[in-house]
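> Take a look and give me a structure for this.
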Amino acid sequence: MADHSTAAAAGRRQHVAIEIEPAASDSSLVTSILQQMETVSSLHSICRASPTRRESSKKSYTPQKVAIGPYHRDGATAAEPLRPMEDHKWRYVHALLGRRTDLEASLNDCVSALRELEQRSRACYAGDDVDLPAGDEFVKVMFLDGCFIIELFLKYSTKVLRRRNDPIFAVPGMLYELRCDLALLENQIPLFVLQRLFQVVPIPKQCANLSLAELAFRFFKNMIPGDTLSHREKFTQEGNHLLDLICHCLLPTLPRLPSSKSHKHLRSVTDLHSSGIKIKRAKTENLLDVKFVNGILRIPPIEVHQHTELLLRNLIALEQCSNVHGTVHHVTSYVVLVASLIESERDVKFLRQRGILTSYDDDDNGGEKKEAGVGKLFGKLCEEVELKESYYDGLCERVNGHRGKNLRALKKKLKRRRNNGSRPTLRLVMLFTVLVLLIAIVGTLFSVLTFVHRHI
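Predicted coordinates:
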């Protein structure tokens with residue numbers, strides 16, 4: 001009985017032990033685990049372009065005016081061309097934080113917020129050769145570049161915020177170069193850093209109703225090919241960085257067609273046209289929404305500008321170095337598809353005539369050079385591309401299958417024409433022979449009658 005009571009008491013003690021509230025140290029452990037999970041989830045979202053890609057077009061991956069993030073800090077502290085923009089950054093930071101009476105309080109809020117995100121931010125940068133700034137210096141980089149970008153977006157959106165003769169807006173071409181620099185893969189800071197800073201910095205009343213996503217969209221909209229309205233809907237707060245937001249805008253809206261095989265190519269547009277497939281301009285403005293229905297390949301308009309190669313190269317590099325938006329590389333698939341459609345200058349002319357392809361210098365002279373350049377552009381973009389499966393595998397399969405049917409139908413049609421064509425020819429020969437015989441008979445009869453008439 002005593003043993004039974006002792007056992008029951010022990011059971012009660014064990015039960016009570018389970019209900020003890022967690023120690024205060026457990027909350028810090030939970031916080032640590034959450035931070036570790038966030039760190040892992042954001043690993044390697046900002047990468048370097050591969051060495052082979054940099055060799056093919058170094059300028060396409062290297063900032064020309066402003067260094068953002070840690071990858072090109074050495075260039076920012078040197079003389080030209082990135083050093084001058086560092087002074088403009090600090091001027092923009094002062095303008096942003098100075099909208100609050102207590103500037104030091106604004107600064108403290110920013111630093112505290114970035115301290116909390118430091119480890120997560122560091123984890124975003126990938127590569128063994130990356131030598132990230134230590135401690136305070138890294139936080140300083142995130143602070144300076146993040147505040148500069150936010151103030152740049154604010155000034156771009158609202159003219160009254162700009163200082164008179166601000167070189168960023170006054171110097172011709174400066175804003176264009178900054179926009180290109182902010183779209184480079186190696187020139188990014190995490191989007192969550194921008195979002196957190198946007199929450200703590202003083203926003204002017206003129207922009208109080210604008211989100212960070214809307215401000216970023218306004219800044220980049222002239223650079224993104226396609227329909228502005230659909231892009232605005234896709235330009236949300238979700239993304240790893242600014243280039244990732246641009247990539248998200250370009251994602252196709254059409255469902256992916258099923259395919260039995262992978263990575264198929266199409267013949268050039270002129271070859272497809274010769275085989276009976278119609279090529280038309282699609283009504284949609286979504287660049288990647290290429291579709292094939294009822295023997296018609298519909299291609300959205302392709303506009304080639306000065307920044308087109310730079311933007312596409314960095315989007316491809318982004319897809320190649322990470323698994324953004326799944327395992328299917330949408331932009332890479334599109335570039336490979338267009339490269340297969342454009343094999344020669346004839347293909348470029350063909351697409352121009354149908355309003356599918358236009359370029360920024362269409363009104364200039366030198367049409368042959370332009371067509372040759374556009375034709376080579378997509379071929380160059382495909383160099384060093386690794387594409388295990390294409391988003392357009394199903395489309396290619398359908399086009400090639402339809403092309404085979406068209407060729408067989410065309411051969412039968414030509415054969416029928418030849419067969420039907422030989423019959424009229426035979427009839428004409430027979431008719432001609434009969435006419436000749438009739439003429440000969442009539443001539444003979446006429447001769448006989450003449451002879452008889454003379455001798456009777």
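
> secondary structure element for residue 283?
Using DSSP states H and E, residue 283 is not contained in any helix or strand.

> Can you list phi and psi of it for me?
Note on residue 283: its backbone torsions stand at phi -70, psi -30 [degrees, to the nearest 10].

> residues contacting it?
residue 298 (CB atoms under 8 Å, 6 or more residues apart in numbering). Backbone N, C-alpha and C define where each C-beta goes, glycine included.

> for residue 177, same thing?
64-65.

> Please report how far it lies from residue 350.
For residue 177, the distance to residue 350 equals 34 Å [CB to CB, to the nearest Å].

> repeat for residue 292
Distance from residue 292 to residue 350, by CB to CB: 17 Å.

> do the same with residue 304
15 Å.

> Next, count neighbours for residue 240.
21 (other CB atoms under 10 Å).

> nearest spatial neighbour of it, skipping sequence neighbours?
residue 45 (3.8 Å; CB to CB, 6 or more residues apart in numbering).

> same check, this time on residue 265
Leaving aside its sequence neighbours, residue 265 sits nearest to residue 340 (CB to CB, 6+ apart; 4.4 Å).

> I'd like the mean pLDDT over stretch 64-77, please.
The predicted model assigns stretch 64-77 a mean pLDDT of 85.

> ok, and what's touching it?
46, 48, 62-63, 81-83, 85-86, 89, 125, 130, 132-133, 138, 141, 145, 148-149, 174, 177-178, 180-182, 186-189.

> Which positions in it come out as buried?
Residues of stretch 64-77 classed as buried by neighbour count (16 or more other CB atoms under 10 Å): 65-73, 75-76.

> Equivalent analysis for stretch 135-155, please.
Here stretch 135-155 shows 138-139, 141-155 as buried, counting by 16+ other CB under 10 Å.

> Now do residue 174 against residue 281, distance only.
35 Å.

> just residue 337 next, same as before
Taking CB to CB, one finds residue 337 at 16 Å from residue 281.

> ok, the two, which is more surrounded?
Of the pair residue 337 and residue 281, residue 337 is the one with more neighbours under other CB under 10 Å, namely 22 against 15.

> Once you drop chain neighbours, what's closest to that one?
residue 392 (5.0 Å).

> and the one you found, what does it touch?
290, 333-334, 337.

> Could you save these as JSON lines and add columns showing secondary structure, pLDDT and distance to residue 220?
Below are these laid out as JSON lines (DSSP: H, G, I helix; E, B strand; the rest coil; pLDDT from 0 to 100; distance: CB to CB, whole Å):
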{"residue": "290", "secondary structure": "coil", "pLDDT": "95", "distance to residue 220": "23"}
{"residue": "333", "secondary structure": "helix", "pLDDT": "94", "distance to residue 220": "22"}
{"residue": "334", "secondary structure": "helix", "pLDDT": "95", "distance to residue 220": "19"}
{"residue": "337", "secondary structure": "helix", "pLDDT": "95", "distance to residue 220": "24"}
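
> and the two most separated of those?
Spatial extent of the contacts of residue 392 (CB to CB) is set by the pair 290 and 333 at 9.8 Å.

> so how many other residues sit close to the residue nearest to residue 44 when sequence neighbours are not counted?
Leaving aside its chain neighbours, residue 44 sits nearest to residue 126 (3.6 Å; criterion: CB to CB, 6+ apart). Look at residue 126: counted by other CB under 10 Å, it has 15 neighbours.

> And the pLDDT at residue 126?
Value for residue 126, per-residue pLDDT: 72.

> That one touches residue 46, doesn't it?
Yes. With contact defined as CB atoms under 8 Å, residue 126 reaches residue 46; the gap is 7.0 Å.

> List the contacts of residue 317.
47, 49-50, 53, 61, 185.

> Okay, residue 217 and residue 177: tell me how far apart.
Distance from residue 217 to residue 177, by CB to CB: 20 Å.

> do residue 152 as well
13 Å.

> which parts of whatever helix or strand residue 320 lives in are buried?
For residue 320, the host element (DSSP H and E) is helix 308-321. For helix 308-321, the neighbour count (16+ other CB under 10 Å) marks 308-321 as buried.

> Cross the buried residues of stretch 135-155 against helices and list the overlap.
138-139, 141-155 (DSSP state H).
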